[in-house]
Every structure is written in structure tokens, then in C-alpha cells.
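Enquirer: Provided below for reference: sequence and predicted model.
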Amino acid sequence: MTPSLLLATLRDPASSTSLTLPQWDLLLRQAASAKLMACLLCLLDDAGLTGTVPERVRPHLEWTRVLMQRHAMAVDFEIDRIHAALAGLGLPLLLLKGAAYRAAALAPARGRMFTDIDILVPKARIGEVEAALMLHGWTGNEHDAYDQRYYREWMHEIPPMQHIRRQSVIDVHHAILPETARVRPDPAKLRAAAVDVPAVPGIQTLAPADMVLHSAVHLFYDGEFTNGLRDLVDLHRLLVQCGESAGFWDSLPKRAVELELGRPLFYALRYSAALLGTPVPASAVKATEAAVPNRLLLALMDALFLRGLQPAHASTDDRWSGMARSLLYIRGNWLRMPPVLLARHLFHKAFITRAPVAA
Amino acid sequence: MLTVGALTHRELAARLAGPGLFLRTGPFTNCIRSNISYLVDGVAQMYGQYAIDESGFADFHVQFRQPGGWRRWFRPQVRFDHDGLTPFEPLPVDQAFPMLEWMLNYCVSSRAHGYLIIHAAVVEKNGHAVILPAPPGSGKSTLCAALVSRGWRLLSDELTLIGLDDQQLTPLPRPVSLKNASIPIMQAYAPSASFTRSATDTAKGTVAHMRAPDVSVERAAEPARAAWVVFPRYQADAPVTIDPITPARAFMRVAENAFNFSLTGERGFHALGQVMDGCTSFDFTYSKLDEAIALFDNLRVAPR
């Protein structure tokens, strides 16, 4: 495994000033594969380094800037439309992940590009929310009966809804982990702790510690690692930003225990520090000790995650990378479903669902 | 400057099969990798006069490979790979060269957002460019090929690149794509030009490419300014007619043909406004190429 130029640059943007043109070529490709081009652009901007970038590379940053500005505008507009669509329900609009970072102007929002807007609503109100969104032009695009059942019976969200004119996608969640998962943090606790976005009345995000835990769950309980590094960068930036508030590092491990999410938090702190150099206080590491896996399992997890979290680009793969991604996929599903259901699901996906175009 | 033509066929094939051919086209460098002989032949025939970029940096990385296994023998295919992503279905292997051309267009239109990119041919004479936006089947490429074989400079037969800040047209001269009946027509009309073999049964019918004139490629670094926007329409046996279009209507019709009008937002809107302010626009119907070219040669620049 060659050391990733992208990781080195994320850790220390100033190291980019000594890159040769062939190295820039590789860096841009790794960043594009990891969906971190806009993130790279923002890091260079913030470090005042955009002017030092070679002339041949500069257009790529400017092309990315166009996409990034358009994306930010589109996200603001979508949030506003969703807010309007749900206005009559007497519910706060509780945003998750990318949209939440954007609405609350948090550090991970800088240069983060995403396609879906995620929201969290009480399970008892899902029907009303779905109906209100349909009245305003969003429609379910999962027509396969199996997929409908998969989402509605087993998952923590309803099938994604897409706006018929704008093609924007919204994921309506009622929890942060599937109904079938090994652990199920109580969504009512998350909603109760949610905080208002100061700029827009009626819009909420999860509380800082919950946001970190959700991000950790999303990354370390999921089977898909295509965006693994991007999600780790989110975690890193959240931890750095939230860590500046007094009491954050004390409350985070406690909250993890309360929500049964000690293990994903342990992984989040471990790999964010290892790959991105996140300054995690020793006291916080110590507070997650109860959740440390046994030595054998930890060695295996290191081998898997340290590969799975590399940029998804051929240049950072070694002979084990493919196997690591396959094992992580199985692990992610294993954590989300009991074995019989999982076997049935994987069988259905492998042999019955029509294969999509490779992407 | 090293050109593709300076390599032997064997050296060219080795670059394509190995580290990649760093082919310079207009403002972009494309790293092309492939072991398909149809593609090597097409590149040798169409890109001899183009420079090879030796900086080690490429804007786009494309790979065309033949999937292995039984597919190697039964209806062999070519699979396109954009630096690890495969956004399109494979095609029959004899369509490898047209696929290269489509994919190089795709890379530009999906990435190069420093330009407002119009789906239009663009040619220039005496410092004044004419933009030819048109839906497929309107005879845009045929007209473009005819014009560049009669002294007009080729900027592009597919992608008009308008600078967002300076509104200049950046040339991207590459082979001109011809379809179906236009292929024999252009072979007769420009007998000294070089054409690829025809690939049959593509999504667009039979496709062949005409090599870009050497002088257009030599002048690829010279930008141009638009003076006219012409919407061409081929109609059998029709006399040449031109009908002026009002500026606002012309603006909207060009915007409809843009790949990234919405994406470039206010900047794209202003850039296009500036370009259209400097242009006269009209609908154009023709059936005979000589008549069409005579009309283009007599276009007058509107006073600003």
C-alpha cells in the first residue's frame, strides 16, 4: 500500500507545496475518487495556499468551486422547500448529516458535497410526513415490492423520496439504526436532546455529542466504504470543532454508553486520530476503554478499517484491499440484521434483484 | 515538441497499453490507456499532428479495455473506465474509437466548469466565429466538416467552450464526427481529408470521424470571439434560407443547448448574455453544401 497523498495533504495542507506535477495528478485523482475535491479546495483556501498551486492544477480547483457553490445554493433551497412542505405538521425539521452541518454552518459543511438530505421524525408521524412530502412533489422511487418491504419492515427509514421536478432526494428516518440491528439507540433520546439552529427558527440538528455518535454509527456500522474517508473527515472536523466547547470530551463517552454506542465511538476516535491526526484527549480514550474489542478482533479491525478508509482509488489499494472491502460489507450487514434475515437479504440482492448499471 | 505522429505504431501501442498516452487536445491533456487495436489505429490516423504532454499531469484519465473471459471471443466488447468508475455500458469492440471520442467529450462536459459549455459546433474565419448549436440529425457536423474543408478554422464540432470570465471561445479541435449518409457525402466533398473506418450499428447508426485540419490544430491556442449564432437545418432539396431570430429567443435557445447553464448560475448567465450581445442569430435551412458555404463566406459582422 503506497502512502496516500490525499491523507498526507488532509493532515498537512502545506505539504502540497512540495508536490511535483505527477504527484498533483495522483492527488487530484485520489481526492475525486474519495469525493473530497471540494474539501481539498477548502483546505487549500483556508490555509492560504490556493495561490501556490501549479497553474495546470488550478483549473481543477476552479471547476470544483463552481460545483461547490452551486451545491451549497441547492442544499439551502432544498432545506427551505422541505421546511415549507412540513410546516403544517407541528414538528421541528430535524436535519441529519450533511444538511445539518450546512444548516448549522458547522466545520464539516466546508466543501462537503452530498446528494441526499436526511431528516429524523418520530416513527408515529412517518405517514403524515410522507404524505406532506408527496403533496409537495416528492415521490417514492422504489417500486420493487421486495425493496418496499425491506425498508418498511426492517430499516430505520422509508424508501428514498425524489422530487419529480428537481430530482432532489430526501431520506426520511425514524431512527439512526435499522429495526433489525444488534443495538438500537432510542430515537426519542436523540430528538429530546436536539438543538435549534440559531439562524432559522424551526430547524434543528442533533446535539453535538449525538451528531458525532451518529456520524460514527453511520461510518462504522455501514457496509459501504466507498465514502469511508469522506465520512471520517466529517468525524475529524466535528471532533475538532465540538472539542473546543467545555465539557464536550467528558460528555461524549457518557452519552455513547447511554445510547449503547461505545464501540463505534471507540473506532471513530481510534481511526480519526490514526489517519487524520485528530487531537483526542487521553481522558476521552480512557473513557471508551470498556468498549475496546479483544486484541484479536482489534487487530483484524485495524487491518480492515485502515484499508477500507483509504481513498477508493486503485493507487491506494494493496493485495488485501478488495478482501477488506468485502469483509466490511458483510460485517456492516451482519450488524444490521440477524443471520437468517441477512442470508435471505443477500440472496435476494445477489440473485433476484435486477443488477443496476455498474457505477 | 513530441507529436503522436513522431511515434512508430509500435511505440504508440506501447504507450497506450502501458503508462498511457498523454494526448494534448486544446486546453486539456487526456491520459488514454487501451490495448484495443481499433483504438490504436484510430488514434494513429486521427491524432498524428497532436502534441504529447510530457509534464506527467493529465486533466482526464480514461481507459478502454476488453473484458476477459468468454467475451474475448464472443461478440467482444470495449468497456470504458473513467479512473476507476464505469459510468456507461460496454459497447462492441469495433466501436472503440467512436467511444473514445464520446468519452473525451463526456470528460469535458461533465468536469470543465470553468467554461459555459454549449452542445454546438464552432468554426472561425478572419477572427469571427460562428456557433452552430443544433440537435442531433440537423446536419450540424456535416456543415461543420464542409466549412473546415473550405478554409474555416475548426474550434470544435461538438463542444463550444465559452470562458466564464472573458467570454472568449476556447478551441478544442478534434476529429469531426460524421453519421450515416454524411460519411460518403463528406468523403466525396473533401477527398484529400482522412477518415476513420466506419463503425456500424452504434447508438447513432454508422459513425466515422474526419481528421481535423492541421492548421486548426496548430492554432488551437488562439481563442476566438463569436460573431454569429446559426441554427442549421438540413432539408432535402430546400433552397438556402435564413431567418433572423430575436436576441432574447436566441439566448434561450443557446441556453437550452448548454450542458452546465444551471450549474454555472449567474456567471454562466452573464457570460452567455455578453456573447449573445455581440452576435447576430438566425435559423438556416440548406440542402447543398456549396450554397451553404457561399452564404457563410458572405456573412457580415454586425456593427457593435
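Expert: Looks like it arrived, so ask away.
Enquirer: from residue A:26, how far out is whichever residue of chain B sits closest to chain A?
Expert: Relative to chain A, the nearest point of chain B is residue B:56 (3.5 Å; CB to the nearest CB). For the C-beta atoms, the positions are set from N, CA and C on the backbone; glycine is no exception. To residue A:26, residue B:56 is 10 Å away according to CB to CB, to the nearest Å.
Enquirer: please say which of the two ends up with more neighbours.
Expert: Neighbour totals were compared for residue B:56 and residue A:26, and residue A:26 leads with 21 against 17 (other CB atoms under 10 Å in any protein chain shown).
Enquirer: ok, that one - contacts?
Expert: Each residue near residue A:26 by CB atoms under 8 Å, 6 or more residues apart in numbering or on different chains is listed here: A:5, A:315.
Enquirer: that one: which element?
Expert: helix A:21-33 (DSSP states H and E).
Enquirer: now do that helix, average pLDDT.
Expert: Average pLDDT, helix A:21-33: 95.
Enquirer: only the buried residues of it, if you could.
Expert: A:24-33 (16 or more other CB atoms under 10 Å in any protein chain shown).
Enquirer: and for the helix or strand of chain B with the lowest mean pLDDT, what's in contact with it?
Expert: Counting by mean pLDDT, DSSP states H and E, the weakest-scoring helix or strand in chain B turns out to be strand B:77-82, with a mean of 80. Contact with strand B:77-82 is made by B:36, B:39, B:60-67, B:71, B:86-88, B:90-93, B:95-96, B:99, B:103, B:106-107, as judged by CB under 8 Å, 6+ apart.
Enquirer: give me the subset of the residues you listed touching chain A.
Expert: Filtering these for proximity to chain A by CB under 8 Å from any CB of the partner chain leaves B:61, B:86-88.
Enquirer: show me which pair in the residues you listed is furthest apart.
Expert: Using CB to CB, the two most remote members of those are B:61 and B:88, lying 15.4 Å apart.
Enquirer: neighbour count winner among the two?
Expert: residue B:61 (20 against 17).
Enquirer: still on that earlier bit, now, of the contacts of strand B:77-82, which are buried?
Expert: In those, burial by neighbour count holds for B:36, B:39, B:60-66, B:88, B:90-93, B:95-96, B:99, B:103, B:106-107, counting by 16+ other CB under 10 Å.
Enquirer: follow-up on the earlier one: pick out whichever of the buried residues of helix A:21-33 sits closest to chain B.
Expert: Nearest to chain B, judged by CB to the nearest CB, of the buried residues of helix A:21-33 is residue A:25 at 4.6 Å.
Enquirer: please name the nearest non-neighbouring residue to that closest one.
Expert: residue B:57 (4.6 Å; CB to CB, 6 or more residues apart in numbering or on different chains).
Enquirer: how many neighbours does that neighbour have?
Expert: Neighbours of residue B:57 using other CB under 10 Å come to 21.
Enquirer: just the pLDDT for the spatially closest residue to residue A:292 that is not a sequence neighbour.
Expert: Excluding the flanking residues, the one nearest residue A:292 by CB to CB, 6+ apart is residue A:266, at 6.0 Å. At residue A:266, the model reports a pLDDT of 96.
Enquirer: and residue A:266, how many neighbours does it have?
Expert: 24.
Enquirer: that one: which element?
Expert: helix A:262-276.
Enquirer: what mean pLDDT does the helix or strand following that helix get?
Expert: Heading C-terminal from helix A:262-276, the first helix or strand you meet, by DSSP H and E, is helix A:282-287. Computed over helix A:282-287, the mean pLDDT rounds to 94.
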